[in-house]
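Colleague: just a sequence and a predicted model for now, questions to come.
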Amino acid sequence: MGRAKKYYEAVFTDSGTCMIGCGHKHQNITTATACISQPGGYVVSVNRWGKFRQFNDEEEAEFQRVIFGHDKRRDSKVPLGLPHAKNI
Ligand SMILES: [Zn+2]
C-alpha cells in the first residue's frame with residue numbers, strides 16, 4: 001500500500017540509560033518482537049513524526065500475545081482455557 005505512517009521498533013536500554021532502537025521500520029508488532037535481541041528489550045510504536053508513543057490496548061494485547069505465545073487479553077469475553085473456535 002505504500003503507507004508507512006506508523007511503524008514499530010524493537011528497543012532496549014543500554015546500561016539503563018540510553019534507549020536504542022533496532023533501526024528497522026517493522027510493519028507489525030510480531031516482527032518487531034522477533035527482532036528483540038536482548039533480555040529486557042521491548043517494542044515501541046513510532047508515529048509518523050518519529051516519536052515513540054505508548055501502545056494502545058490493542059497493541060499491548062498483541063505484544064503480550066507474541067511475547068507469551070498466547071492471547072492474554074484482559075477484556076476477553078472468552079473464559080481462559082475454553083476453546084472459542086466453535087461458537088456456532
Ligand atoms: Zn528490527
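Modeller: Great, that's in hand.
Colleague: going forward, measure contacts and count neighbours with C-alpha atoms only.
Modeller: Fine.
Colleague: enumerate every residue touching the residue nearest to residue 27 when sequence neighbours are not counted.
Modeller: If the residues on either side of it in the chain are set aside, residue 27 comes closest to residue 7, at 5.3 Å by C-alpha to C-alpha, 6 or more residues apart in numbering. Applying C-alpha atoms under 8 Å, 6 or more residues apart in numbering to residue 7 gives the contacts 25-28, 45-47.
Colleague: if I look at residue 7, how far off is residue 39?
Modeller: 22 Å (C-alpha to C-alpha, to the nearest Å).
Colleague: what bridges to the residue nearest to residue 27?
Modeller: Beta-bridge partners recorded for residue 7 (DSSP bridges): residue 46.
Colleague: any idea how far it is from residue 19?
Modeller: Taking C-alpha to C-alpha, one finds residue 7 at 17 Å from residue 19.
Colleague: before we move on, what about residue 56?
Modeller: If you go by C-alpha to C-alpha, the gap between residue 56 and residue 19 works out to 20 Å.
Colleague: and residue 69, by the same measure?
Modeller: In terms of C-alpha to C-alpha, residue 69 sits 26 Å off from residue 19.
Colleague: which parts of the strand or helix carrying residue 59 are buried?
Modeller: When elements are assigned from DSSP states H and E, residue 59 belongs to helix 57-68. For helix 57-68, burial by neighbour count (16 or more other C-alpha atoms under 10 Å) applies to 60-64, 66.
Colleague: parallel or antiparallel, which strands does the helix or strand bottoming out on mean pLDDT in the chain pair with?
Modeller: Least confident helix or strand of the chain, by mean pLDDT, DSSP states H and E, is strand 52-53 with a mean of 84. Strand 52-53 pairs in its sheet with strand 42-46 (antiparallel), by DSSP bridges.
Colleague: show me where this protein dips below the pLDDT cut-off.
Modeller: Residue ranges of the chain with pLDDT under 70: 1-4, 70-88.
Colleague: what residues does it have near the ion?
Modeller: 22, 24, 35 (C-alpha under 5 Å from the ion).
Colleague: dump these into JSON lines; add neighbour count as well.
Modeller: Formatted as JSON lines, the residues of the chain next to the ion follow (neighbours: other C-alpha atoms under 10 Å):
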{"residue": "22", "neighbour count": "16"}
{"residue": "24", "neighbour count": "12"}
{"residue": "35", "neighbour count": "18"}
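Colleague: thanks a lot, see you next time.
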